[in-house]
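Undergrad: The following block contains a protein sequence and its predicted model.
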Amino acid sequence: MNNMEQLRFNMIEQQIRPWDVLDSNVLDLLKKVKREQFVPAAQRALAFMDMEIPLGHGSSMWQPKLEARALQALALGRVDQVLEVGTGSGYLTALLASQAEHVTSVEIVRDLSDMAARNIEALHIANVTLAVGDAANGWGNQQYDAIILTGSVPLEPAAFLANLKIGGRMFAVVGEGAAMAASLFTRTASETVQRRVLFETSVTPLVNAPQPQRFVF
């Protein structure tokens, strides 16, 4: 086992498994999709660390264990249509694309979308559509089997809940400051969405996310 593979093995065994990621499909995928190929060259030594990795423009890659928990929670199938809001370096996009039929990923910063495009094309991943735009208030009228927001939102993201098919799941980090929780939303009927709080965490807020009404005295 070379040094890079040893570091990957350690990441999975020491960070990800202990965080209750036991789905063999997810664990196998983390071995297959090389995380270091999506990390900016200057940060590559941090590729397997239990930390967020800065990408510039105020954006960052999630901790590996958060990426893995999100994948496990969404439980994607081969026919699923996925919407990702916040492409970043394209790593999570590539993981999603490896499990789903198609991923549409929207990034507000063109430089990041361009970087993700280079990373994804280098691996010959063909079932991804990248878009540049502000998706903080939803993205089009298409219905998706799964949605993931890579930036936190202070309120339940109603605009995206409307884009979920019946049976569809959405992973989102909801809350502000120290009071954020990763949640899985599932549309169980046309007018019914269930929310399950998975764990507490903290991630960078989604740019332009709708804000709660503030009281001014």
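TA: Everything's here; your move.
Undergrad: separation between residue 113 and residue 199?
TA: 29 Å (Cβ to Cβ, to the nearest Å). Just so you know, the C-beta spots here come from the backbone N, C-alpha and C atoms, and that holds for glycine as well.
Undergrad: Settle it for me: which of those two has more neighbours?
TA: residue 113 (19 against 13; other Cβ atoms under 10 Å).
Undergrad: Surely that one and residue 87 touch.
TA: Yes: assessed by Cβ atoms under 8 Å, residue 113 is found in contact with residue 87 at 5.6 Å.
Undergrad: Need the overlap of contacts for the two.
TA: Residues touching both residue 113 and residue 87 by Cβ atoms under 8 Å, 6 or more residues apart in numbering: 107, 130.
Undergrad: any idea how far the nearest residue to residue 161 once chain neighbours are set aside is from residue 186?
TA: Nearest residue to residue 161 in three dimensions, chain neighbours excluded: residue 193, at 5.3 Å (Cβ to Cβ, 6 or more residues apart in numbering). Distance of residue 193 to residue 186, given as Cβ to Cβ: 7 Å.
Undergrad: Would you mind pulling up the elements that the biggest helix by length in the chain packs against?
TA: If you go by DSSP state H, the chain has its longest helix at helix 110-122. Packed against helix 110-122, as judged by 3 or more Cβ pairs under 8 Å, 6 or more residues apart in numbering; DSSP states H and E, are the following elements: strand 53-56, helix 91-99, strand 102-107, strand 128-132.
Undergrad: Show me what the longest one packs onto, helices and strands only.
TA: Helices and strands touching helix 91-99, as assessed by 3+ Cβ pairs under 8 Å, 6+ apart, comprise helix 24-32, helix 64-74, strand 81-85, strand 102-107, helix 110-122, strand 128-132, strand 144-149.
Undergrad: between that helix and strand 128-132, how big is the angle?
TA: 150 degrees (axes from the mean of the first three to the mean of the last three Cα atoms, to 10 degrees).
Undergrad: related to what we said a few turns ago, closest one to residue 43 among the helices and strands packed on helix 91-99?
TA: helix 110-122 (12.2 Å; Cβ to Cβ).
Undergrad: list the buried ones in that closest one?
TA: Neighbour counts over helix 110-122 (16 or more other Cβ atoms under 10 Å) mark 112, 113, 115, 116, 117, 119, 120 as buried.
Undergrad: circling back: by mean pLDDT, show me the worst of the helices and strands packed on helix 110-122.
TA: Per-stretch mean pLDDT for the helices and strands packed on helix 110-122 is lowest at strand 53-56 (a mean of 94).
Undergrad: What residues sit buried inside the lowest-mean-pLDDT helix or strand in the chain?
TA: Every helix and strand of the chain was ranked by mean pLDDT, DSSP states H and E. The lowest is helix 158-161, at a mean of 92. Residues 160, 161 are the ones in helix 158-161 that count as buried (16+ other Cβ under 10 Å).
Undergrad: Repeat that for stretch 169-186.
TA: For stretch 169-186, a neighbour-count test (16+ other Cβ under 10 Å) marks 169-175, 180-185 as buried.
Undergrad: Tell me the secondary structure at residue 134.
TA: Under DSSP: H, G, I helix; E, B strand; the rest coil, residue 134 falls in the coil class.
Undergrad: Look up phi and psi at it.
TA: Main-chain dihedrals, residue 134, degrees, to the nearest 10: phi -100, psi 110.
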